[in-house]
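Asks: how would this look folded up:
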Amino acid sequence: MSFVWKPGTPLDEAALDRLKQHFPKPSEPPPEAWFMGNKQNYYTWVVDTDPTEVDYRTAETYLQDTGGGIKYFPDLEFAQQRWRYSFHYLLPYLVQHYDKYYLLEDLVTYFMLLYPEGIPDTYTEFRQDILDTLGSAIMRPHFWHNGDLSPFIREHDRTSWDAYSTVFFSPIVSSAMYFCLKYLKPDEIKTWCESIFEINGTHWHYHLLS
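Replies: Numbers count the residues shown, from 1 in each chain. Predicted coordinates for the structure are as follows:
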């Protein structure tokens, strides 16, 4: 099956719906990963709050904290199970709303921590649903304007000039591309590469060459 990037393509609604159906709201909140003292707090908002109303900072803090737990505390089975499930539950909601908040890079990083060896067959369409949502999110209409990267990305990405006047590659673009290079099959990479070089935007070409 071919996989392509086409600017202005919305997320696949059927894929989002399947993700939501397979991972309903958890009954117990996930614990924090890093804490001082004898008391471990819990992210109760995961079970108490509508995920579409979670603000950027709250989601960012959660992903970065528990993502560190996924990586550094592999033997905490109880916590690992809750972190993993809660991510799957939150993913379709956060990936829909990250155009307002800077979450794509954090979501991609978290997913790679969970699945360093490839996308599993959690359910029949899981791999394709991930590619059609998280793997295609950079193509959302909000990120494009007149066939090129939108001012939103150009003004709000984390690129900057360091002391030696060397520009850093945009994390939004680079993380999305690395995600595809990691998880696509060889035949899918071929059609994907062809599609990204068919995009004619000046700012897009700049990021490809950076």
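
Asks: not counting its neighbours along the chain, what's nearest residue 174?
Replies: Nearest non-adjacent residue to residue 174, counting by C-beta to C-beta, 6 or more residues apart in numbering: residue 207, 7.8 Å away. In short, each C-beta sits where N, CA and C put it, glycine included.

Asks: right, and that neighbour touches residue 148 too?
Replies: No. In this structure residue 207 lies outside contact range of residue 148 using C-beta atoms under 8 Å: 10.4 Å.

Asks: doesn't residue 40 fall inside a strand?
Replies: No. Residue 40 is assigned coil when assessed by DSSP: H, G, I helix; E, B strand; the rest coil, not a strand.

Asks: any idea how far it is from residue 30?
Replies: Going from residue 40 to residue 30 by C-beta to C-beta, to the nearest Å gives 11 Å.

Asks: and for residue 15?
Replies: Distance, residue 15 to residue 30, by C-beta to C-beta: 24 Å.

Asks: rewinding a little: neighbours of the residue nearest to residue 174, how many?
Replies: By the criterion of other C-beta atoms under 10 Å, residue 207 has 20 neighbours.

Asks: helix, strand, or coil at it?
Replies: helix.

Asks: need the per-residue pLDDT for it.
Replies: Per-residue confidence (pLDDT) for residue 207: 80.

Asks: between residue 15 and residue 30, which one's more packed in?
Replies: residue 30 (27 against 20).

Asks: since that was my last question, I'll sign off now.
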